[in-house]
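Colleague: have a look at this prediction, sequence included:
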Amino acid sequence: MVELSDVGGWHAHRFIEYHLDLPQIPDNLLFTTVDEIRNNCEVIYDAYMYKTYKAPQELSDYLAPYMTDVLKLYLADNMQVRYQVMTEQLPIHKDYDSKGVHKVLNYHITTGGDNVYTRWWDMPEDANLIFAHGAFDYHMGDHYDQSKKLYETIIPTNKWHKLTVNIPHDIGYITSPRIGLRLWNTWL
Ligand SMILES: [Fe+2]
């Protein structure tokens, strides 16, 4: 696991910012396996290798007071806490909600393996990298031009961070499910 000092400096802040003022979530409020999440939470978005589930109200209620000043982008009455589960390495993409939101607040519960990097890439402006409907330009980072990598970092578990999602990004190879939390607006 990297030290947080590894991601200091202005360059890193273009891609990731840690929010050390936000709390580590108590164990009794968290699910840590895919089965627990699947058995207790409504699935909201399902793209096979990437799924989101609505977190229980108890967790949302715990987090709400901490979040009011953190992300003006997430209107308080529309904030939704979701579990996100990745079961395979993702292609390079921009997030679906990056049309309106450039940074999202995330919290990893499991990393998906040792040394799983999150990476950002310099890609052509006209590439279709939002995985939604219609055409998608499919590039796996491991096979992409490595000189186009802008930045990479290993994000530790249990640390709230804002992730830049409107710059093309991916993760390295995972050997187990990568589970975390993410704040969403309800209309997405
Ligand atoms: Fe993403």
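Modeller: Sure thing, it's come through.
Colleague: hmm, who's touching the longest helix seen in the chain?
Modeller: Counting by DSSP state H, the longest helix found in the chain is helix 57-67. With CB atoms under 8 Å, 6 or more residues apart in numbering as the test, helix 57-67 has contacts from 22-23, 25-26, 29-30, 74, 76, 79-81, 105, 181, 183. To be clear about C-beta, it is placed using only N, CA and C from the backbone, and glycine gets the same treatment.
Colleague: which strands or helices does the following helix or strand past that helix pack on?
Modeller: On the C-terminal side of helix 57-67, the nearest following helix or strand under DSSP states H and E is strand 79-86. Where contact means 3 or more CB pairs under 8 Å, 6 or more residues apart in numbering; DSSP states H and E, strand 79-86 is packed against helix 34-40, strand 50-54, helix 57-67, strand 178-185.
Colleague: now do 10 Å
Modeller: For strand 79-86, the contact count by 3 or more CB pairs under 10 Å, 6 or more residues apart in numbering; DSSP states H and E identifies helix 34-40, strand 43-46, strand 50-54, helix 57-67, strand 103-108, strand 178-185 as packing neighbours.
Colleague: can I get the ones you listed in TSV with distance to residue 147 and mean neighbour count?
Modeller: Formatted as TSV, the helices and strands packed on strand 79-86 follow (distance: least, CB to CB, whole Å; neighbours: other CB atoms under 10 Å):
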stretch	distance to residue 147	mean neighbour count
helix 34-40	36	14
strand 43-46	33	14
strand 50-54	27	20
helix 57-67	38	14
strand 103-108	26	21
strand 178-185	26	21
